[in-house]
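> Give the three-dimensional model of this entry:
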Amino acid sequence: MLALQAILVGLFCWLGSVCTPFMGFTLGWYVLSRPLIGGLICGIIFGDIPQGILLGAVVQTAYLAVVTPGGAFPAELGFIAYPAMGLALAAKMDTGMAIALAASIGVLGTFILNFTLAINSVFNGMGDRALERGDEAGFKRAHLLYPQLLQLIVRGVPAFLAVYFGAQYIEGIIASLPEFVITGLLALGGLLPAVGIATLLFQSVKERYFILFFLFGFVAIVGLKLSIIQLTIVALVLAFLFYRSTVNDAKEKEEVL
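This next block holds a predicted model:
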C-alpha cells in the first residue's frame, strides 16, 4: 500500500511543475503545486483528508507571498506540496514539524529545478538541430518527450523514494532527536507562517494603516471567537463605511478646489 501511495505522490510531484504537459504554469505551478492543494491530494492518498488539509493550510501560509519574478524560484513548491506533505502524513507529524520539513525539502527542490532548467536548454539545441535537418519527429521528441522524461526522473523518482523509504524511518529519527532540537523546529514552524503573512502584507498593502484592518480580523477570530461568516459580514460593513468615508472626503476636496 505504501508503494502505491509513494508512486501517486511522485506522479503529482511531476505534474505540479512549471513544465508539465498540463498547462505548465497555469495548472501545474499555480494550482497543483500549492501546498494547500497538495495537502488535500496527499490527504486523499493517505486516507486522512482533514489532517492533509490542515497541514496544507498551515504550510501554505508560510509561502503566501512566493512569486517568481523573472523566473527566479525562491522555493520549489511542488516538492513542498507532495513529498513533504506525504512524509508528514505518513509519519503523523504535527504542523510545526511539517513546516520545518517543508522548508528543507523546498530548498532542495530549488536545486533540482535549476538543474532541470539547465538540462532543458540542451533539449532546445537538439530541437533546433532537428529543425535544420527537417526532422519533425526529432523536434517533437526534443520538446515533448525528453523534457518530460527528465521531469519524471528528477521529480517523481526522488518524491517516491522520499515517501517510500523516508516514512519507514522518519518517526524513529524524530523520536531520537534531543528535546531542544524538537523545540527549535516547532518554534521555526510557528514562525514561518507569520513571516509568510507579513511578506504578503508588505507586498499588497497600499497604505500602512491598512494593517489595522488585518489586526482587527485577527483579534476578532482569536479574541472575540467570531466565525468566518460573522467576520466576513463585519468586514463588509467596515469596507462599505471606509469606502463611503473616502468618497465623501474626495468630494469635499473637489468642492474646496
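> just for the stretch 151-257 of the chain, where's the confidence low?
Across the stretch 151-257 of the chain, residues meeting the criterion (pLDDT under 70) sit at 167-178, 180-201, 203-204, 249-257.
> And the helices in it, which stretches?
Along the stretch 151-257 of the chain, the stretches classed as helices by DSSP state H, counting those that start in this stretch are 157-176, 179-204, 211-222, 228-256.
> Can you list the helices and strands that the third one packs against?
The helices and strands touching helix 211-222, judged by 3 or more CB pairs under 8 Å, 6 or more residues apart in numbering; DSSP states H and E, are helix 228-256. C-beta coordinates here come from the backbone N, C-alpha and C atoms, glycine included.
> Only the buried residues of the longest helix along the chain, if you could.
Using DSSP state H, we find that the single longest helix of the chain is helix 95-133. Using 16 or more other CB atoms under 10 Å as the test for burial, helix 95-133 gives 95-103, 105-106, 108-110, 112-113, 116, 120, 123, 126-127, 130.
> could you point out which element follows that helix?
Sequence-wise, the next helix or strand downstream of helix 95-133 (DSSP states H and E) is helix 136-140.
> Okay, buried residues for that next one please.
Using 16+ other CB under 10 Å as the test for burial, helix 136-140 gives Phe139.
> Averaged pLDDT, that helix. What do you get?
Over the span of helix 136-140, the pLDDT mean works out to 87.
> swap in stretch 9-25?
77.
> Run through who's touching it.
Stretch 9-25 is contacted from outside by 27-29, 32-33, 38, 41-42, 45, 77-79, 81-83, 86, 113, 116, 120, 144, 147-148, 151-152, 155-160, 163, using CB atoms under 8 Å, 6 or more residues apart in numbering.
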